[in-house]
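> Next comes the sequence, and after it the predicted model I'd like to discuss.
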Amino acid sequence: RTSGDTDYYELTQRAADVEIIPGTRTQIWGYDGMFPGPLFRFRSGRQAVVRIRNGLEVPTSTHLHGGVTPPDSDGYPTDLVRPNATKDYTYPLRQRAATLWYHDHRMDYSAPQVWRGLMGMAIVADDEDDNLPLPKDDHDIPLIICDRAFADDGSFIYPALRPGPGVEAPFGNGVLGDVILVNGAPWPVLEVDASKYRFRILNASNARQYRLKLDPGGDLVQVGSDVGLLAAPVRHTEIPVSPAERFDVVVDFAAYPVGTEVTLVNTLESGDTGRVMRFKVVRPGRSAATVPDRLSAVDKLGGPVATRTFDFRAGSGDGMRMWTVNGEMFDPDKTMARPGLGTVERWRFASDFHHPVHLHLAHFQVVARDNQRPMASDAGWKDTVEVRPYEVVEVLARFDGYRGRYMLHCHNLEHEDMGMMVNFDVG
Ligand code: C2O
Ligand code: CU
Ligand code: CU
């Protein structure tokens, strides 16, 4: 439904039986019973109001990742929608075109609830992006990549995270599955023509990192990052993709003879988890799409008014590992920073392990890794950045949008649930 500048949507979170592994049924928890959830196509400048009805037996909270959203619609971990209740989430979408996603954010339970299926993609379009000659329509395709583990009967396996009687918890570094899914399907094949395609890659895994590459070779031409177009395309032969990151890339299948099968592989693994999906070039190309040398005006952020350091570290207490930021586990009543609305701050993220660090509300630019220049894959506006072991990553973040309480956390969802999350209050 539409009225004036607002579009209305309704979604029901419910359990459903779907076929993921051929010949078996998997019970998922999905938005509208789908895994992944329905793809939203939002328009910059048009407000979206999404009514979520919780048809599950557990509370939920839905977060629009990458959205510039007022705090009461941000999916705060304790802002719960109880079973049988509904909530209207308001997304003003006064932000540029970008590939966003939405997922559950319930305190202590985001990881198992996302694992069971509570996530999906939301594409925001605008005139600037529409007017570029990039591949469009059936040549503009989401690739939502995640891993899951399955029992013989097809049900998802999610292991216990906390040690208990008879339960060891070897999953401190996050839960990995041994089956890689793209848009909810294992090892899919996409038939393509010999022309350019735009792929919106999202790593929706709880904890798995990928390093994506085409076999037998070929360029992944990046045109967008987490939150929109780059200033200019960046040519990669391999792209590291951490949980929650998005990479908008163009692949030119005219580089391969018709009949070629091109595989998207994860070079961090071998065997089944090293293969993501296949493209089969089945006919000559017919699209005239190109990648222009200039994509968008991306202003360089400067003038930080404050510098803050956040140390992401595993500690221990009571014989258990704890996942902390500046020595503390998540406390909804505490605030670790109070940036002013409209200001730019320099935030430094230090870590002892791989932590994909994510900010709600504020988008940022990566300016340094260990005082060196950032990686090619750090370009553009981002909301999530991979911080590698014993590394310090510096970003400039702009706290635009709304006043109120937001979160900074590790997007390894198990780390997040185990406390690696803090509040900041935009004033
Ligand atoms: Cu995608 Cu607070 O998370
Ligand atoms: Cu987020
Ligand atoms: Cu982490």
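That came through, no problem. Ligands and ions are numbered 1, 2, ... in the order given.
> For the nearest residue to Asp72 once chain neighbours are set aside, give me phi and psi.
Nearest non-adjacent residue to Asp72, counting by C-beta to C-beta, 6 or more residues apart in numbering: Asp79, 7.1 Å away. Yep, even glycine has a C-beta here, placed from its N, CA and C like the rest. Taking degrees, to the nearest 10, you get phi -90, psi 80 for the backbone angles of Asp79.
> Asp79 and Ser61 touch, don't they?
Yes: in this structure, Asp79 is within contact of Ser61 by C-beta atoms under 8 Å, at 5.5 Å.
> show me the contacts for the residue in the chain that ligand 1 sits nearest to.
Ligand 1 sits closest to His65 of the chain, with a gap of 3.5 Å, by C-beta to the nearest ligand atom. Residues counted as contacts of His65 (C-beta atoms under 8 Å, 6 or more residues apart in numbering) are Leu100, Trp101, Tyr102, His103, Ala244, His358, Asp383.
> let's see it at 6 Å
By C-beta atoms under 6 Å, 6 or more residues apart in numbering, the contact list for His65 reads Leu100, Trp101.
> and it, bridged to which residues?
Trp101 (DSSP bridges).
> what about it, distance to Val422?
17 Å (C-beta to C-beta, to the nearest Å).
> now do Phe199
33 Å.
> For Trp115, give its distance to Asp153.
17 Å.
> ok, now Arg348?
47 Å.
> Pick out whichever of those two has more residues nearby.
Arg348 (15 against 9; other C-beta atoms under 10 Å).
> Could you verify my assumption that the more buried one touches Phe310?
No: using C-beta atoms under 6 Å, Arg348 is not in contact with Phe310, being 7.1 Å away.
> What number of residues are in the vicinity of Pro389?
Number of residues near Pro389 (other C-beta under 10 Å) recorded here: 9.
> typed the wrong thing, it's Leu230
18.
> Which element, helix or strand, includes it?
For Leu230, the host element (DSSP states H and E) is strand 228-236.
> elements contacting that strand?
Using 3 or more C-beta pairs under 6 Å, 6 or more residues apart in numbering; DSSP states H and E as the contact criterion, the elements in contact with strand 228-236 are strand 220-225.
> same thing but 10 Å
Strand 228-236 sits against strand 98-104, helix 127-130, strand 220-225, strand 246-252, with contacts defined as 3 or more C-beta pairs under 10 Å, 6 or more residues apart in numbering; DSSP states H and E.
> Strands along the stretch 251-400 of the chain, start to end?
Assigned by DSSP state E, counting those that start in this stretch, the strands in the stretch 251-400 of the chain fall at 261-266, 275-284, 307-317, 320-325, 344-351, 355-359, 363-369, 384-387, 392-398.
> hang on, the earlier thing: can you tell me what sits against the following helix or strand past the strand holding Leu230?
Using DSSP H and E, the helix or strand that follows strand 228-236 towards the C-terminus is strand 238-241. Residues from elsewhere that reach strand 238-241 (C-beta atoms under 10 Å, 6 or more residues apart in numbering): 145, 201-203, 205, 208-214, 220, 222, 245, 247, 249, 265-268, 356, 375-378, 386, 388.
> Just the CA trace of strand 238-241, in PDB.
Below are the C-alpha coordinates for strand 238-241, written out as PDB (Å, rounded to 0.1, in the frame of the first residue of the first chain):
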ATOM      1  CA  GLU A 238      39.900 -11.800  -5.100                       C
ATOM      2  CA  ILE A 239      37.700 -10.100  -2.500                       C
ATOM      3  CA  PRO A 240      37.800 -10.800   1.300                       C
ATOM      4  CA  VAL A 241      34.200 -10.700   2.600                       C
END
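> How far off centre is that strand?
14 Å (C-alpha atoms, centre = their mean, to the nearest Å).
> Quickly run through the sheet partners of it, with directions.
Counting by DSSP bridges, strand 238-241 is paired with strand 210-215 (antiparallel).
> The strand it pairs with: which residues count as buried?
Within strand 210-215, the residues that qualify as buried are Tyr210, Leu212, Lys213, Leu214, counting by 16 or more other C-beta atoms under 10 Å.
> for the record, mean pLDDT for it?
Strand 210-215 shows an average pLDDT of 98 in the prediction.
> hmm, who's touching that strand?
Contacts of strand 210-215 (C-beta under 10 Å, 6+ apart): 143, 145, 147, 180, 199, 201, 203, 220, 236-243, 245, 247, 249, 251, 253, 255-256, 261-269, 273-276, 278-279, 377.
> Test of understanding: give the bridge partners of Ser316.
Beta-bridge partners, per DSSP bridges, of Ser316: Arg321.
> correction: Thr12
Here Thr12, judged by DSSP bridges, has bridge partners Arg53.
> Look at Ala362 and say how many residues are nearby.
The tally of other residues near Ala362 (other C-beta under 10 Å) stands at 23.
> so it sits right up against Gly340, yeah?
No: the pair Ala362 / Gly340 is not scored as a contact, 11.6 Å apart, by C-beta atoms under 10 Å.
> Now list whatever residues contact both of these two.
Joint contacts of Ala362 and Gly340 (C-beta under 10 Å, 6+ apart) are Phe399, Val426.
> confidence score at Val223?
Listed pLDDT for Val223 reads 98.
> what sits against it?
129, 132, 134-135, 198, 229-230, 232-234, 247-250, 291-292, 295-296, 380.
> One more: Asp272?
So Asp272 contacts Asp178, Val179, Ile180, Pro186, Trp187 (C-beta under 10 Å, 6+ apart).
> Just the buried residues of the residues you listed.
Ile180, Pro186.
> Relative to ligand 2, tell me which of the strands of the stretch 251-400 of the chain wins on proximity.
Judged by C-beta to the ion, the one of the strands of the stretch 251-400 of the chain that comes nearest to ligand 2 is strand 355-359, at 5.5 Å.
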